[in-house]
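Trainee: need a structure here:
(chains A and B)
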Amino acid sequence: MTTNNFPATRSMNFIGIAAGVLMVALPFLGPWWMAVVGTGAIEIALSPFDLSMLVFGQSIHSDLVDLFLLASKIVMIIAGILLLLGSLSPRSWWSGRLVRFGVMKPFWAVVGMVVAVVVGAFLINNVLPNLLSNAIPGGASIQITVPYLVGSASATIQMGSQASITAPISLSLMPAFWVAVVAAVLGIAARINHRRFKKAEQG
Amino acid sequence: MRDGALKWALRLLGIALVVVPIVVALAAKDWDLKEAVLPSEQELSQVTEAVGGIFGGGFSEDTLSLGEPTLSGSSVRVQATLKSPFQVPIKLKEFNLTISDQGMPPIQLQMEEDELEIPAKGTAVFTLVGAIPAAPPSNPRMTAVSIAFEIYGITITLTPDISGGQL
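Mentor: Numbers count the residues shown, from 1 in each chain, chains lettered A, B, ... in the order given. A predicted model of the protein is given here:
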């Protein structure tokens, strides 16, 4: 027997379970996006859970950013576990709250990271050249064309007629990003699926 | 009632995970926002040292030495020795030299090799070749040098002002 074309016998939100498992795994899958200048002159590995910046092999970090990213990691794991619990028992009174707490987090993490990278590229292309040319004694002509999310380009710094520096820049999305996209899609689907459980119960 | 309690518990959890890192980071840095946000002075000085270390003492008079030119028909070959001042391996990609003499067109010498790998603080020997006019210059002077090399994949091109340099 079905209600609203939904099998009443089904007792678990399997899409939510899949999304929950991916969410718990996401913080441990490594960076989502990488930027490399030259061959290791500057390396940036970014995800909503970790930021690694290496300049000529020396790492740079900010305590506040590190703690935020740790909190983001904890939030994602908790949200994944709550989504799992809510999906394992979708008809219980608490499942709706647990599912809603976590289900959109991968989506916002993907959107947030893409926005952060695009805004960062915009600032590097449009603001950084002016700042650097003023900071270099005698002035310099600086052309930086960073791709907005993925791709390759080069930055050129021309210091008078005596020196120029050309650095290749390579940006790439890592496999973990695509796992996050899958988790985000499954999260949205899990939310819709959960509503069907509730409707089936009310029906 | 219990649903409301769960709702608020989850909201507070979300807020706590935003607020606690800010408080902890600021408390760890004696409530100094700049210290909490920016990398430490030690890290920045390590980066500065790393960059300074790469470039070593920079170019000096000993960096480049040229051998005796060998004439063969209308071409000239000069053996050059470059002592790398850099603390990391570099790739020499271009080396061009301009030699001038009064009343004569300048002679352009170029590196014969495509590119050369030079180890850290190492020495590279390469050949500069160029065409000379019918009469060789009597008082040749090095008037321009152009060097392009690659460090960590970054290409640096230098064209120092050496006008008046005796060859």
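Trainee: wait, is A:Ile169 part of a strand?
Mentor: Yes. Looking at A:Ile169 with DSSP: H, G, I helix; E, B strand; the rest coil, it is inside a strand.
Trainee: ok, then the element right after the top helix by length along chain B?
Mentor: In chain B, assigned by DSSP state H, the helix with the most residues is helix B:2-28. As assigned by DSSP states H and E, the chain's next helix or strand after helix B:2-28 is helix B:33-37.
Trainee: What residues sit buried inside the helix or strand where B:Ile156 lies?
Mentor: Element membership of B:Ile156 [criterion: DSSP H and E] is strand B:154-158. Going by neighbour count (16 or more other CB atoms under 10 Å in any protein chain shown), the buried part of strand B:154-158 is B:Ile154, B:Thr155, B:Ile156, B:Thr157. Where you see a C-beta, it was placed from the backbone N, CA and C, and this is true even at glycine.
Trainee: got a markdown table for those, with pLDDT too?
Mentor: Shown next, in a markdown table, are the buried residues of strand B:154-158 (pLDDT from 0 to 100):
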| residue | pLDDT |
| --- | --- |
| B:Ile154 | 93 |
| B:Thr155 | 94 |
| B:Ile156 | 91 |
| B:Thr157 | 92 |
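Trainee: Mind picking the one among these that's closest to A:Val115?
Mentor: Distance to A:Val115 across the buried residues of strand B:154-158 (CB to CB) is lowest for B:Ile154, with 29.1 Å.
Trainee: surely that closest one meets A:Val37?
Mentor: Yes. B:Ile154 is within contact range of A:Val37, at 7.3 Å (criterion: CB atoms under 8 Å).
Trainee: Quick check: neighbours shared by the two?
Mentor: Common contact partners of B:Ile154 and A:Val37 (CB atoms under 8 Å, 6 or more residues apart in numbering or on different chains): A:Ala167, A:Pro168.
Trainee: The buried residues of strand B:154-158 into CSV, with extra columns for distance to B:Ala80?
Mentor: Formatted as CSV, the buried residues of strand B:154-158 follow (distance: CB to CB, whole Å):
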residue, distance to B:Ala80
B:Ile154, 23
B:Thr155, 20
B:Ile156, 18
B:Thr157, 17
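Trainee: can stretch B:143-155 be found next to chain A?
Mentor: Yes. Judged by CB under 8 Å from any CB of the partner chain, stretch B:143-155 and chain A are in contact via B:Ile151, B:Tyr152, B:Gly153, B:Ile154, B:Thr155.
Trainee: which two from those residues end up farthest apart in space?
Mentor: Pairwise distances among the residues of stretch B:143-155 next to chain A were taken by CB to CB; the largest, 10.2 Å, belongs to B:Tyr152 and B:Thr155.
Trainee: And the strand holding B:Ile156, what does it pack against?
Mentor: If contacts are counted by 3 or more CB pairs under 8 Å, 6 or more residues apart in numbering or on different chains; DSSP states H and E, strand B:154-158 sits against strand A:163-173, strand B:141-151.
Trainee: Compare those strands and say which comes out lowest on pLDDT.
Mentor: Lowest mean pLDDT of the helices and strands packed on strand B:154-158: strand B:141-151, a mean of 88.
Trainee: Just list what it packs against, helices and strands only.
Mentor: Using 3+ CB pairs under 8 Å, 6+ apart, the elements in contact with strand B:141-151 are strand B:90-101, strand B:154-158, strand B:165-166.
Trainee: neighbouring strands for the first one, and are they parallel or not?
Mentor: The pairing partners recorded for strand B:90-101 under DSSP bridges are strand B:104-111 (antiparallel), strand B:116-118 (antiparallel), strand B:141-151 (antiparallel).
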